[in-house]
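Participant: how would this look folded up:
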Amino acid sequence: MVKVLVLLLGLYGQSLFALESSDVLDTRIIKVYDKNILVLNRGLEDAIFTKDHIKLTSSNGFIARGICIKTSMMTSHWKIYRVTRP
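Facilitator: Predicted coordinates:
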């Protein structure tokens, strides 16, 4: 019984890493490709890594969510997977 409890706590504890971050970076869209791919002016220098998630907002509120598919030192490529206001 104790082993099952420890296993369940371990599985649910992993979801805690998915909490929203309060980090805010002002970015600029450099290029837009087909299939909702954006190139942003933030990269490895700003601690952006592959498989990171992003929440795009403007002064009007939430716009979209995306996942990083490629990074370089100064730029990153993002696949946008949810758009609320096109």
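
Participant: going by C-alpha atoms from here, please, whenever you check contacts or count neighbours.
Facilitator: Will do.

Participant: any idea of the pLDDT on the spatially most central residue of the chain?
Facilitator: Centroid-nearest residue in the chain, with C-alpha atoms, centre = their mean: His53, separated by 1.1 Å. On pLDDT, His53 comes in at 91.

Participant: so which residues make contact with stretch 34-47?
Facilitator: Residues from elsewhere that reach stretch 34-47 (C-alpha atoms under 8 Å, 6 or more residues apart in numbering): 27-32, 48-49, 71-81.

Participant: ok, back up a step: hmm, the residue nearest to the centre of the chain is touching Gly66, no?
Facilitator: Yes: counting by C-alpha atoms under 8 Å, Gly66 is a contact partner of His53 at 5.7 Å.

Participant: so the residue nearest to the centre of the chain bridges to which residues?
Facilitator: Ile67 (DSSP bridges).

Participant: then Thr57?
Facilitator: Phe62.

Participant: then Ile37?
Facilitator: Ile37 has these beta-bridge partners by DSSP bridges: Tyr33, Lys79.

Participant: buried stuff in stretch 40-47?
Facilitator: Leu40, Asn41, Arg42, Gly43 (16 or more other C-alpha atoms under 10 Å).

Participant: show the contacting residues for the closest residue to the third one other than its chain neighbours.
Facilitator: This points to Arg42. Leaving out its chain neighbours, the residue that sits closest to Arg42 by C-alpha to C-alpha, 6 or more residues apart in numbering is Thr75, at 4.8 Å. Neighbouring residues of Thr75 by C-alpha under 8 Å, 6+ apart: Val39, Leu40, Asn41, Arg42, Gly43, Leu44.

Participant: equivalent analysis for His53, please.
Facilitator: Arg65, Gly66, Ile67, Cys68.

Participant: in the chain, which spans are strands?
Facilitator: Using DSSP state E, the strands of the chain run over residues 29-33, 37-40, 53-58, 61-71, 76-83.
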